[in-house]
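Enquirer: Following is a predicted model, sequence given first.
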Amino acid sequence: MSEAFIAVAFAQLRAFATAAFERLGLPAADAHIVATLMAEADLQGSDGHGIMRLPQYAKRIRAGGVNPRPHIRVVQERAGMALIHGDNGMGHLVMQRAAHLAIAKARAAGIAWVGAQWSNHAGPASLYARMPLEHDMIGLYFAVGNANHLPPWGGLDMLLSTNPIAAAVPAGAEAPVVLDMATTVAAYGKVKTKAQRGESMPEGWMIDREGRPLTDPRRAEEGFLLPIGGYKGYGLALLVGLLAGTLNHAAMGKDVVDFNHDQASVTNTGQAVVAIDIAAFGDVEAFKARVDTLVRDLRGSRRMPGVERIWLPGEQSLAKRIAYARDGIPIAASLMRNLNQLAAELGIATLG
């Protein structure tokens, strides 16, 4: 690591973010929900979507780009689906509401799809894909990213975003299988984190407009992110955007607002959560046992030379969650300075 890190307890991080959001005008209950989900992001190691986003969120709220007191409501509904209007509220509030509604509907319908329009950035996709797990359900999540960093395959115009997708599948004795991925090689939040820490990006994350590798995150505006799997990743980004954005009457393509540079415009971010009730397909415990068997077969399979362990999706995030809950969440010194500056502006106690 290229700079010092300070360990902060989960409860301390949540309390700090809650106080900040209350000063920014969110009702106390809403401030607590958003702060909890942001701290959860850092707890699982998704630091590009956690507390580092607080100064940016604060700028958007103060500039009028986000509604601190939204009236989140259902505008379309059938037995197995709903469309939620987020009223330009914090995306965390909108998507928690969407996930809870999908879970409730899936209990009755077996499967439920809940889309959202007029939402905002909501943190890591896995936060919401994981919510159905507690109800013995499979969770899926799709979203349109909050800035375009990806051109169509072979093009130069930024018309697509990282458009993340996540899936969470419960197991029995084993940990759930949780996939959380951007449709680009790296999420843009990771680029921002590298820039903040003064670190270089690996080759393969970005290229410039001449097709040359771009490794300096401070020069990110000179190029674009690469899709996973070449043209296949471009197709996947497009598909996710159609499902999460276009289907929900939310922003997609040239209509996406770059919230990294525009603090005041409404983003109309589109997202979707799907809940699948395992009981609708058969015995829940038998399904979990089959997942356990598959997980153990994969983990115990023969390894290539030099490979110490085969990881399942979500296992490394779980390991960080356990370690950070025990030892504290590592906050970069540069980020701590930014957070303490924000605390001074808001008139709240500093984080550390």
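Expert: Arrived safely. Numbering: from 1, shown residues only.
Enquirer: what's the closest non-adjacent residue to residue 84?
Expert: Take residue 84 and drop its neighbours on the chain: the residue closest to it by Cβ to Cβ, 6 or more residues apart in numbering is residue 116, 4.7 Å away. No exception for glycine: its C-beta is placed from N, CA and C like everyone else's.
Enquirer: How about residue 208?
Expert: Residue 208 sits nearest to residue 223 (Cβ to Cβ, 6+ apart), 4.0 Å away.
Enquirer: Now do the contacts for the residue nearest to residue 84.
Expert: Listed by Cβ atoms under 8 Å, 6 or more residues apart in numbering, the contact set of residue 116 reads 83-86, 94-95, 98, 248, 250, 269-272.
Enquirer: can you check residue 20 too?
Expert: 31, 35, 54, 58, 342, 343, 346, 348.
Enquirer: re the thing from before, the residue nearest to residue 208 reaches residue 213, doesn't it?
Expert: No: Residue 223 is beyond contact range of residue 213, at 9.0 Å (criterion: Cβ atoms under 8 Å).
Enquirer: what do the two both touch?
Expert: Contacts common to residue 223 and residue 213, judged by Cβ under 8 Å, 6+ apart, are 206, 207.
Enquirer: I'd guess the residue nearest to residue 84 is in a strand, am I close?
Expert: Yes: Residue 116: assigned to a strand according to DSSP: H, G, I helix; E, B strand; the rest coil.
Enquirer: Would you mind measuring from it to residue 301?
Expert: As for residue 116, its distance to residue 301 is 39 Å (criterion: Cβ to Cβ, to the nearest Å).
Enquirer: And for residue 275?
Expert: 31 Å.
Enquirer: neighbour count winner among those two?
Expert: residue 275 (30 against 8; other Cβ atoms under 10 Å).
Enquirer: more neighbours, residue 223 and residue 213?
Expert: Neighbour totals were compared for residue 223 and residue 213, and residue 223 leads with 19 against 14 (other Cβ under 10 Å).
Enquirer: Sheet-wise, list the partners of the helix or strand containing residue 77 with their directions.
Expert: Residue 77 is part of strand 73-78, with elements assigned from DSSP states H and E. Take DSSP bridges as the rule and strand 73-78 pairs in its sheet with strand 81-85 (antiparallel).
Enquirer: helix or strand right after the strand it pairs with?
Expert: Per DSSP H and E, the first helix or strand lying C-terminal to strand 81-85 is helix 91-109.
Enquirer: now for that next one, which elements pack on it?
Expert: Packed against helix 91-109 by the contact rule (3 or more Cβ pairs under 8 Å, 6 or more residues apart in numbering; DSSP states H and E) you find helix 28-43, strand 81-85, strand 111-119, helix 126-129, strand 137-143, strand 269-277.
Enquirer: mind running it again at 10 Å?
Expert: Contact analysis of helix 91-109 by 3 or more Cβ pairs under 10 Å, 6 or more residues apart in numbering; DSSP states H and E lists helix 28-43, strand 73-78, strand 81-85, strand 111-119, helix 126-129, strand 137-143, strand 269-277 as its packing neighbours.
Enquirer: May I see the buried residues of that helix?
Expert: Residues of helix 91-109 classed as buried by neighbour count (16 or more other Cβ atoms under 10 Å): 91-99, 101-103, 105-106, 109.
Enquirer: For this protein, list the residue farthest from the centre, please.
Expert: Here the centre of the chain is the reference, and by Cα atoms, centre = their mean the most remote residue is residue 305, at 33.8 Å.
Enquirer: I figured residue 187 hits residue 149, correct?
Expert: Yes: with contact defined as Cβ atoms under 10 Å, residue 187 reaches residue 149; the gap is 9.4 Å.
Enquirer: who touches both of these two?
Expert: By Cβ atoms under 10 Å, 6 or more residues apart in numbering, residue 187 and residue 149 have these common neighbours: 161, 162, 225.
Enquirer: that older thread, surely the residue nearest to residue 208 is in contact with residue 214?
Expert: Yes: with contact defined as Cβ under 10 Å, residue 223 counts as touching residue 214 (4.3 Å).
Enquirer: what residues are shared contacts of those two?
Expert: Common neighbours of residue 223 and residue 214 (Cβ under 10 Å, 6+ apart) are 205, 206, 207, 208.
Enquirer: Need those residues in JSON lines (columns: pLDDT).
Expert: Output for those, formatted as JSON lines (pLDDT from 0 to 100):
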{"residue": "205", "pLDDT": "96"}
{"residue": "206", "pLDDT": "96"}
{"residue": "207", "pLDDT": "95"}
{"residue": "208", "pLDDT": "93"}
